[in-house]
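Chemist: have a look at this fold, sequence not included:
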């Protein structure tokens, strides 16, 4: 089963309430793939991601994500699906009243970790992975925007996800920091975790010759990287 795709959508129709957002979506993502999801604001990028992590129900077509059948997904199963998915937001969404370490420990507790030593060890591992091993005692406001986004990537990695959904993760960052965050996300995909990065900033796409998928006119279109610019 290890060759099974992390995401498989077949003739899926994605709705927000009764509005059809994306029609007839065929979309497959394999383990360790890095791809860009592009399109204008309102074109359906976020709706696609919300469907993948169980926030919008899939009612038409076929859909599988990280081993879960999205058509049959029960509300009670959503937390288990989300443990296999790391989500990175544009605005970081860190808890401002606690340190970086405590932000990460909060997520581990919420997802069922109990062994304090293992939790501390896991926090240290993910901070090292994102290049912040000595920043765990800082408060979010003491970090730069790029560092805060690294913390949110570390948070996404805590439960060793099979998939990372990064929704405009560089939207609030300067070009140099954006490049560093892209390098980090690409390196994560190289370790076997699929990464989908939604963006409307096309300038950085030349950096990696990877798949580009565009939401446009209610459809999901596969492009070559060259055609995306």
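Modeler: All right, it came through fine. Note that this is a predicted model, so its numbers are computed, not measured.
Chemist: excluding residues flanking it in the chain, which one is nearest residue 144?
Modeler: The shortest distance from residue 144 to any residue other than its chain neighbours is 7.5 Å, reached at residue 177 (Cβ to Cβ, 6 or more residues apart in numbering). Every C-beta, even on glycine, is put in place using the N, C-alpha and C of the backbone.
Chemist: and that neighbour, what does it touch?
Modeler: Contact analysis of residue 177 by Cβ atoms under 8 Å, 6 or more residues apart in numbering lists 144-146, 149, 170.
Chemist: also residue 166?
Modeler: 87-88, 153, 185, 195-198 are the contacts of residue 166 under Cβ under 8 Å, 6+ apart.
Chemist: are any of the residues you listed buried, and if so which?
Modeler: Buried members of the contacts of residue 166, counted by 16 or more other Cβ atoms under 10 Å: 87-88, 153, 185, 195-198.
Chemist: how about these, which pair is most distant?
Modeler: Using Cβ to Cβ, these span at most 14.7 Å, a distance reached by 153 and 198.
Chemist: just the helices in this structure please.
Modeler: 45-52, 78-83, 100-110, 116-129, 145-157, 175-190, 225-228 (DSSP state H).
Chemist: helix 175-190 and the fifth one, what's the angle between them?
Modeler: For helix 145-157 against helix 175-190, the angle by axes from the mean of the first three to the mean of the last three Cα atoms, to 10 degrees is 20 degrees.
Chemist: report the buried residues of helix 145-157.
Modeler: Quick answer for helix 145-157 (16+ other Cβ under 10 Å): 146-157.
Chemist: looking at the residues you listed, which is nearest residue 98?
Modeler: Residue 98 lies nearest to residue 151 out of the buried residues of helix 145-157, by Cβ to Cβ, at 11.5 Å.
Chemist: hmm, that closest one is touching residue 140, no?
Modeler: Yes - between residue 151 and residue 140 there is a contact at 7.2 Å, judged by Cβ atoms under 8 Å.
Chemist: closest one of the buried ones among the contacts of residue 166 to residue 109?
Modeler: residue 87 (17.8 Å).
Chemist: centroid residue for this structure?
Modeler: Nearest to the mean C-alpha position of the chain, by Cα atoms, centre = their mean, lies residue 165 at 1.4 Å.
Chemist: isn't that one up against residue 84?
Modeler: No - using Cβ under 8 Å, residue 165 is not in contact with residue 84, being 11.2 Å away.
Chemist: picking that back up, overlap of the contact sets of residue 151 and residue 140?
Modeler: Taking Cβ under 8 Å, 6+ apart as the criterion, residue 151 and residue 140 both touch 92, 94, 100, 103.
Chemist: isn't the last one up against residue 96?
Modeler: I take that to be residue 103. No - between residue 103 and residue 96 there is no contact under Cβ under 8 Å: 9.2 Å.
Chemist: who's more crowded, the two?
Modeler: Neighbour totals were compared for residue 103 and residue 96, and residue 103 leads with 23 against 10 (other Cβ atoms under 10 Å).
Chemist: got the contact list for the more buried one?
Modeler: Under the criterion of Cβ under 8 Å, 6+ apart, the neighbours of residue 103 are 94-95, 140, 151, 155.
Chemist: turn those residues into a markdown table, including pLDDT.
Modeler: Output for the contacts of residue 103, formatted as a markdown table (pLDDT from 0 to 100):
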| residue | pLDDT |
| --- | --- |
| 94 | 95 |
| 95 | 95 |
| 140 | 96 |
| 151 | 96 |
| 155 | 96 |
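Chemist: show me which pair in the residues you listed is furthest apart.
Modeler: Within the contacts of residue 103, two members stand farthest from each other by Cβ to Cβ: 140 and 155, at 11.4 Å.
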